[in-house]
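Student: pasting the structure only:
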């Protein structure tokens, strides 16, 4: 049967409980209605929870403030290779301890507390608000829209002129977290969302805030770095930078400046031989795709970012 209004509570970065309700079928419901028809519209992690109502809840502690999140272990394991390995290692250690343990039933309650503590995970280098965005993905398999990024991520509403920058910076932080915890599906979704959102800002070069953050947090071969360099080269003019932008220039990495220099040189030499080196960039070329067929079907496959001519 369906379990109506099952409530999942996650601690928010602001300190209050962030919760929502979800309806999803159990395994019994799938058996009554054929091959789990109702499961097909649900994120895989919720199918797991539907099949196992007693799925263990574990504690993940985030940030220097040690904010606690209570999350279903199976959901973390499904989406994150990092958590999958962590829990496998912990349970291997636990099984070894149990083999050597002769405690009797009088210690059952104490053992349960120890089990919960054993499954706790500390990530003090991860911002709680950024992790909340990942938790939202776990239970919905959908990304926030617009200012929902700020609301879920626990960020204050910025000045209107900085709204796009603040949201896109959160997207980059979410993408970096996906790398940190080995969550490829989340990485793909967040990265593509960033490229599409920033690509819509056709008259703007990427914010130096993005560039500084990205070159400090992503591996050198991450495609987001190619995107930032490519769009900067395609869009930048001597009138692009505001006074505030110019103040950030001293923090821009040497690696970024060198890549820009090389890209400009390629454009002057033989632009036709260098993908995305002219005044147009095909957004899809900076997407993460799992196959050529998926790339061919991408709605952004022929959508270009054109150089601002104003």
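Tutor: Everything's here; your move. For clarity, every value in this text was computed on a predicted model and none was experimentally measured.
Student: walk me through the domains of this structure.
Tutor: Here the domain assignment for the chain is 2-123, 143-306, based on automatic domain parsing.
Student: any idea which of those scores lowest on pLDDT?
Tutor: In terms of mean pLDDT, the lowest-scoring of these is domain 2-123 (a mean of 60).
Student: residue 61 is in what secondary structure piece?
Tutor: strand 57-62 (DSSP states H and E).
Student: which residues sit against that strand?
Tutor: Defining contact as CB atoms under 8 Å, 6 or more residues apart in numbering, one finds that strand 57-62 is touched by 67-73, 76, 87, 116, 119-124, 126-128, 131. No exception for glycine: its C-beta is placed from N, CA and C like everyone else's.
Student: got the buried residues for it?
Tutor: Across strand 57-62, burial judged by 16 or more other CB atoms under 10 Å covers 57, 58, 60, 61, 62.
Student: can you check stretch 131-141 too?
Tutor: 131, 132, 133, 134, 135, 136, 137, 138, 139, 141.
Student: direction included, what does the strand holding residue 61 pair up with?
Tutor: Strand partners for strand 57-62, identified by DSSP bridges, are recorded as strand 67-72 (antiparallel), strand 121-123 (parallel).
Student: and residue 209, what element?
Tutor: Assigned by DSSP H and E, residue 209 falls within helix 208-217.
Student: all strands of the stretch 151-300 of the chain, in order?
Tutor: Along the stretch 151-300 of the chain, counting by DSSP state E, counting those that start in this stretch, strands occupy 280-282.
Student: excluding covalently adjacent residues, which one is nearest to residue 213?
Tutor: residue 172 (5.7 Å; CB to CB, 6 or more residues apart in numbering).
Student: pretty sure that neighbour contacts residue 212?
Tutor: No - with contact defined as CB atoms under 8 Å, residue 172 does not reach residue 212; the gap is 10.4 Å.
Student: more neighbours, those two?
Tutor: In this view residue 172 and residue 212 are compared by other CB atoms under 10 Å, and residue 172 has more residues nearby, 23 against 16.
Student: for that one, list the residues it contacts.
Tutor: Going by CB under 8 Å, 6+ apart, residue 172 touches 194, 210, 213, 214, 217, 224.
Student: how many neighbours does the third one have?
Tutor: Around residue 213 there are 15 other residues, counting by other CB under 10 Å.
Student: distance of it from residue 224?
Tutor: Distance, residue 213 to residue 224, using CB to CB, to the nearest Å: 10 Å.
Student: where does residue 126 land on pLDDT?
Tutor: The model reports residue 126 with a pLDDT of 96.
Student: how about the helices in the stretch 101-250 of the chain?
Tutor: 108-118, 128-140, 148-152, 163-180, 184-199, 208-217, 223-235, 243-248 (DSSP state H, counting those that start in this stretch).
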